[in-house]
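Visitor: compute the structure for the input listed below.
(one chain, ligands or ions: 2)
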Amino acid sequence: MTNFTLSDLGWSDQFARQIGEDTKDLHPARIYEVQRDLLLVLTEDGQKSLIPTESAGEYAVGDWVLNDGVKALHRLEPFSNLTRKAAGHVSYQQRIAANIDTIAIVTSCNADFNVPRLERYLAMVSSAGAMPLVLLTKADRVEDARDYQRQAERISPLVTAIALNATDVEDVAQLIPWCRGGQTLALIGSSGVGKTTLRNSLTGENAITQDIREDDARGRHTTTHRSLVPTPYGGWLIDTPGMRELQLAGMEDGISAVFDDIEQLAIQCKFNNCDHESEPGCAVRTAIEAGELETDRLERWRKLLREDAINTESVARQRARGKAFSKMVKKTMTGAKKRKGR
Ligand SMILES: Nc1nc2c(ncn2[C@@H]2O[C@H](COP(=O)(O)OP(=O)(O)OP(=O)(O)O)[C@@H](O)[C@H]2O)c(=O)[nH]1
Ligand SMILES: [Zn+2]
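Guide: Ligands and ions are numbered 1, 2, ... in the order given. Okay, the predicted model is just below:
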């Protein structure tokens, strides 16, 4: 990985505009891997490692940082930002990857295919500010993959679905338009759907198909081995480990985008606080009665909005608690310093 220009690396005016008087002497670098105490980056002068100046969770693979050759002093605002609500009892928005043009949601033409889960992923992608693509792998294992394709495309006009055999290099070449000329494509989806296989077919390399496990103080966990890898077509690929749990938080806009059909109907309801239950003049109910909208889809929309609202609140509460704690620590420290100075 050497000799890339900034534009090969995905640099654009949007980032150049963020350079100010105080940062004009620093150099841009794109993160290809976030390690606990180190950021592995790509620059015009090749690969480097930088010392982070914020906690590791503040950086994501794909981010641009400005550096002095040693430290990552400033993180540039990304044009897209893939996050999720972290699993577990501590609620926070976990950054997964940044500056991705297209996010491919990978599922297979088998029992993994699931419309509610696709809707969930699509809301996530839409909130991230990236273009969604649905990849239906294992198309070689079914009689007719077009049925899966139709079901996926029916979810939203935002969806382009491609059915393919991930093990077939020629078939996977259909994805070249999304990973050439400095563009970044990310792959997300459950474990075993073929993300690593797609990556190997696209890049010609042989990435290990299993996640590495490591022990740390908090017990066993799967290493979050996300990295930005070059494709032979001039673009980039980010492979993310399989996500078991996919909770939404702060993604109301993404949900609205995926369920735009319902939102458009809701605008036409007689009452603007309509619950779409039994109110007169409800355009949503009318559409259901006319067979233009499925009750199940209405229910899924409601469920995601409810879940998003609850999770968003718990993330906000956690953040407030964290802030209150740092404030308390700061006050105590200042108090201690003053007492010492006296
Ligand atoms: N026949 C066929 N097999 C496939 C296809 N895609 C993936 N496979 C097989 O399915 C298995 C799982 O594929 P992986 O690429 O490891 O899946 P993954 O999404 O990377 O899984 P994680 O690393 O756990 O997230 C492998 O044995 C692949 O060879 C396909 O399109 N057709
Ligand atoms: Zn209504």
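Visitor: who in this protein is up against ligand 1?
Guide: 137-138, 140-141, 165-167, 191-197, 209, 241-242 (Cβ under 6 Å from any ligand atom). Quick note: C-beta positions are derived from backbone N, CA and C, even for glycine.
Visitor: just checking, next helix/strand downstream of the worst-scoring helix or strand of the chain on mean pLDDT?
Guide: The helix or strand of the chain with the poorest confidence is strand 219-222; it has a mean of 33 (mean pLDDT, DSSP states H and E). Downstream of strand 219-222, the next assigned helix or strand under DSSP states H and E is strand 227-230.
Visitor: run through the neighbouring helices and strands of that next one.
Guide: strand 27-34, helix 195-203, strand 236-239 (3 or more Cβ pairs under 8 Å, 6 or more residues apart in numbering; DSSP states H and E).
Visitor: contacts for the longest one?
Guide: Just to be clear, that refers to helix 195-203. 106, 135, 137, 166-169, 172, 175, 179, 187-189, 205-209, 229-232, 237, 239-240, 242 (Cβ atoms under 8 Å, 6 or more residues apart in numbering).
Visitor: so for it, mean pLDDT?
Guide: The average pLDDT within helix 195-203 is 92.
Visitor: CA atoms of it as PDB?
Guide: This file holds the C-alpha atoms of helix 195-203, laid out as PDB (Å, rounded to 0.1, in the frame of the first residue of the first chain):
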ATOM      1  CA  LYS A 195     -18.700 -10.800   3.500                       C
ATOM      2  CA  THR A 196     -15.200 -12.200   3.700                       C
ATOM      3  CA  THR A 197     -15.800 -14.200   0.500                       C
ATOM      4  CA  LEU A 198     -16.900 -11.100  -1.300                       C
ATOM      5  CA  ARG A 199     -13.900  -9.200   0.000                       C
ATOM      6  CA  ASN A 200     -11.600 -12.000  -1.200                       C
ATOM      7  CA  SER A 201     -13.300 -12.100  -4.600                       C
ATOM      8  CA  LEU A 202     -13.100  -8.300  -5.000                       C
ATOM      9  CA  THR A 203      -9.500  -7.700  -3.800                       C
END
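Visitor: low-confidence bits of the stretch 101-250 of the chain, can you list those?
Guide: 206-225, 242-245 (pLDDT under 70).
Visitor: can you give me the strands in it?
Guide: Assigned by DSSP state E, counting those that start in this stretch, the stretch 101-250 of the chain shows strands spanning 102-108, 131-137, 161-163, 184-188, 213-216, 219-222, 227-230, 236-239.
Visitor: what's opposite A72 in the beta bridge?
Guide: P52, N67 (DSSP bridges).
Visitor: before we move on, back to that, tabulate the strands of the stretch 101-250 of the chain (TSV), appending distance to ligand 2 and mean neighbour count.
Guide: What follows is the strands of the stretch 101-250 of the chain, written out as TSV (distance: least, Cβ to the ion, whole Å; neighbours: other Cβ atoms under 10 Å):
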stretch	distance to ligand 2	mean neighbour count
strand 102-108	30	24
strand 131-137	27	25
strand 161-163	30	21
strand 184-188	33	27
strand 213-216	49	9
strand 219-222	43	10
strand 227-230	45	20
strand 236-239	40	26
